[in-house]
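Asks: I would like to see how this sequence folds:
(one chain, ligands or ions: 2)
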Amino acid sequence: MKVFTTPLIRDADAYTIRHLPISSTDLMEKAATACAHWICSRFPATVPVCVFCGTGNNGGDGLAVTRLLRARGYTAQAWLVTSADRLSPDCAINRERLEQAGEGPVMIRSATEFPLLPAGALVVDALLGTGLTRPLSGLMRDIVLRINDLHNPVISVDIPSGMYADQPPAKDGITVRATHTLSFMFYKLAFLLPASAPAAGKVTVLPIGLHPDYIAETPTPYQTIDARLIRRFYKKRAAFSHKGTYGHALLAAGSFGKMGAALLSARACLCSGAGLLSCRIPRCGYIPLQTALPEAMCLCDEEETHLVPGERDDTPYQSIGIGPGIGQHPDTVRALEQLLQGAGSPVVLDADALNILARHPELWKHVPAGSLLTPHPKEFERLFGPDADDFARLEKMRKACAEHSVYIILKGHHSCTCTPEGNFFFNTSGNAGMATAGSGDTLTGILTGLLAQRYTPLETALLGTYIHGRAGDHAAAALSPESMLASDIIDHLGAAFLEIAGTDMQH
Ligand SMILES: NC(=O)C1=CN([C@@H]2O[C@H](COP(=O)(O)OP(=O)(O)OC[C@H]3O[C@@H](n4cnc5c(N)ncnc54)[C@H](O)[C@@H]3O)[C@@H](O)[C@H]2O)[C@@H](O)CC1
Ligand SMILES: [K+]
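Replies: Ligands and ions are numbered 1, 2, ... in the order given. Got it, this is the predicted structure:
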């Protein structure tokens, strides 16, 4: 799904009004109807609804939602927060409509007029939307602070009031902390970035009928990864295929005390469909790996405890994953250099392979074009230095991917893949239970397994992050986010693949 910036959303709005055609008031009615419908499908009419409105179009949405909820039998009350009486035209129309339908909004002109809410009330935040131009101050700030002090569920209309959609939060700025945000038509960039996203709570994108031509034809560097995108290139296995069809993967992983990382990535690689897997490991890992994963072949290094440069290996691997648990021994640095020099096609680099690269930037010249790097934020910082905010980091990712012709998957709640062309794909699957030891090793294994099956590096990044997250979601549903382990993610990869393959695979 495309992610548009606020100026483009406004263009989409204007284009829709011109070409459908539809009036801006009717478009607001559609948006408000979608919100009211969502509320009705989740909260019974016995729940009182308190709607806090501003004087722009976000406030207009709130006034319309109040009217629509009342029409469906809810006890809904609107408050209009304003220190002046100037309302946007559509907000003014909706104030009038609410008055005509019974009872208009109650004015709040000072924080002392903040109401005592009925017990168990649902709060709707329609104070400010994408028209935010400056940090909250004065009355608006006071009201948001009062809302944040409540213990009621808070539904933000379009975006939490006070949050910028396309720029970092202001220093000392405040924003409504929503339980749930109902975003019109698209995700906002802020919902996908760690500094702002938590305040949005759970985000639901509500279609409001913006013109499909505009959406299809307008380019944007930002997209979310979802099942629809994945199904465009997911390859079902052919009946007349053999293990060679699905590639031979090599994983260089493990050191003394960290053979678990090798084992996790190796299992994940095979469970993602690689035809054959060889594991390049130090000698100490031979018995555990062969015992725990008989499906994998082992290439043991001469050294007992860590990877060292070895003899030339001319096997034509379809993919090579390097990094889980390898440590940073000087011999391992040379082993990494040797592997990169011999690779010839894109590799997957993770964990200590990235830490070595950060300390030995001269190795960059050996990283094959199209390779996939999977840093978590700290590893990213070691590689490219610290950033002032999430947006500065996106810009740094864009430059690094272009300069080195690589794909970077910055791991996080919405893992973000950046391409050498400067496009960003945010993953939407996964959960906090995946913040557990070895979760990254499983991702490396999955990516190496997909690359072996001749998915392109971009397809590998998108399918890999998405399926890793979905497997994590299945694991969390079965075991709870607290109890699930990285190996449970691997155990649920099958459920995630079946989901993507569709129902015909399940019989
Ligand atoms: N584009 C769409 O898809 C649609 C958008 N609609 C709504 O329209 C909203 C945008 O409406 P507007 O552009 O009128 O903007 P807002 O409703 O966000 O507010 C704009 C007003 O707030 C003032 N303002 C800005 N920053 C402020 C601050 N820190 N403190 C106090 N006042 C401040 C502005 O000067 C302006 O008067 C969206 O968020 C959405 O809720 C819907 O009504 C219809 C469809
Ligand atoms: K809002």
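
Asks: how much space between Thr428 and ligand 2?
Replies: 22 Å (CB to the ion, to the nearest Å). In short, each C-beta sits where N, CA and C put it, glycine included.

Asks: show me the residues around that residue that make contact.
Replies: Thr428 sits next to Thr224, Ile225, Asp226, His414, Tyr466, Gly469 when contact means CB atoms under 8 Å, 6 or more residues apart in numbering.

Asks: Quick check: of those, which lies closest to ligand 1?
Replies: Thr224 (17.1 Å; CB to the nearest ligand atom).

Asks: Look up which residues are beta-bridged to that closest one.
Replies: Beta-bridge partners for Thr224, by DSSP bridges, are Phe426.

Asks: now do Thr181
Replies: With DSSP bridges as the criterion, Thr181 is bridged to Ser156, Val203.

Asks: who's in contact with it?
Replies: Counting by CB under 8 Å, 6+ apart, Thr181 touches Ile155, Ser156, Asp158, Ile159, Pro160, Phe191, Ala200, Gly201, Lys202, Val203, Thr204.

Asks: Put the buried members of the contacts of Thr428 into a ChimeraX selection.
Replies: If you want just the buried ones from the contacts of Thr428 in ChimeraX, going by 16 or more other CB atoms under 10 Å, the selection is:
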select :224,225,414,466,469
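
Asks: From the contacts of Thr181, pick the one nearest ligand 1.
Replies: Closest to ligand 1, out of all of the contacts of Thr181 and judged by CB to the nearest ligand atom, is Asp158, at 3.6 Å.

Asks: which residues touch that closest one?
Replies: Ala31, Asn58, Asp61, Gly129, Thr130, Thr181, Leu182, Ser183, Phe184.

Asks: Those also near ligand 1: which ones?
Replies: The residues of those that also fall near ligand 1, by CB under 6 Å from any ligand atom, are Ala31, Asn58, Asp61, Gly129, Thr130, Phe184.

Asks: avg pLDDT for stretch 35-55?
Replies: Averaging pLDDT along stretch 35-55 gives 98.

Asks: Residues of this protein that sit close to ligand 1?
Replies: 9, 13, 27-28, 31, 54, 56-61, 88, 128-134, 136, 140, 157-159, 184-185, 208, 210.

Asks: State the number of residues packed around Pro316.
Replies: 8 (other CB atoms under 10 Å).

Asks: Quick one, grab the pLDDT at it.
Replies: 94.

Asks: how much space between it and Gly244?
Replies: Distance of Pro316 to Gly244, computed by CB to CB, to the nearest Å: 11 Å.

Asks: For Leu450, see how far away the residue of the stretch 201-350 of the chain at minimum distance from ligand 2 is.
Replies: Nearest residue of the stretch 201-350 of the chain to ligand 2: Gly201, at 12.2 Å (CB to the ion). Computed as CB to CB, the Gly201 to Leu450 distance reads 32 Å.

Asks: In helices, which of the contacts of Asp158 fall?
Replies: Those of these mapping onto helices are Ala31, Asn58, Asp61, per DSSP state H.

Asks: How many neighbouring residues does His360 have?
Replies: 14.

Asks: what's the helix or strand for the closest residue in space to it that isn't next to it in sequence?
Replies: Computed as CB to CB, 6 or more residues apart in numbering, the closest residue to His360 that is not its neighbour in sequence is Val333, at 6.0 Å. Val333 is part of helix 330-343 when elements are defined by DSSP states H and E.

Asks: Downstream of that helix, the next helix or strand is which one?
Replies: Counting by DSSP H and E, the next helix or strand C-terminal to helix 330-343 is strand 347-349.

Asks: Contacts for that following strand, please.
Replies: Applying CB under 8 Å, 6+ apart, the contact partners of strand 347-349 are 319-323, 339-340, 357, 367-368, 371-374, 444, 447-448, 451.

Asks: 6 Å instead, please
Replies: Ile320, Gly321, Ile322, Gly323, Ser371, Leu372, Leu373, Thr444, Leu447, Thr448 (CB atoms under 6 Å, 6 or more residues apart in numbering).

Asks: So what's the residue count around the residue in the chain that ligand 2 sits nearest to?
Replies: Across the chain, the shortest distance to ligand 2 (CB to the ion) belongs to Ser161, at 4.2 Å. Neighbour count for Ser161, taken as other CB under 10 Å: 27.

Asks: if we can go back for a sec, filter the residues of the chain next to ligand 1 to the buried ones?
Replies: 9, 13, 27-28, 31, 54, 56-61, 88, 128-132, 136, 140, 157-159, 184-185, 208, 210.

Asks: Just the ones in strands from those residues, please.
Replies: When DSSP state E is applied, those are split such that Val157, Phe184 fall in strands.

Asks: Restricted to helices, list the contacts of strand 347-349.
Replies: Thr444, Leu447, Thr448.

Asks: now the first one, nearest residue through space, not along the chain?
Replies: Leaving out its chain neighbours, the residue that sits closest to Thr444 by CB to CB, 6+ apart is Asp350, at 4.2 Å.

Asks: tally of neighbours for that neighbour?
Replies: 31.

Asks: Contact partners for it?
Replies: For Asp350, the contact set (CB under 6 Å, 6+ apart) comprises Gly323, Thr374, Thr444.

Asks: out of these, who has the most neighbours?
Replies: For the contacts of Asp350, the largest number of neighbours (other CB under 10 Å) sits with Thr444, at 31 neighbours.

Asks: Provide a list of residues in contact with that residue.
Replies: Ser265, Gly321, Pro324, Val348, Asp350.

Asks: So which elements touch the helix or strand hosting the first one?
Replies: In other words, Ser265. Taking DSSP H and E as the definition, Ser265 sits inside helix 259-271. Other elements packing on helix 259-271 under the criterion 3 or more CB pairs under 6 Å, 6 or more residues apart in numbering; DSSP states H and E are strand 248-252, strand 276-281, helix 439-452, helix 486-491.

Asks: Mind doing that once more with 8 Å?
Replies: Where contact means 3 or more CB pairs under 8 Å, 6 or more residues apart in numbering; DSSP states H and E, helix 259-271 is packed against strand 248-252, strand 276-281, helix 286-292, helix 439-452, helix 486-491, helix 493-501.
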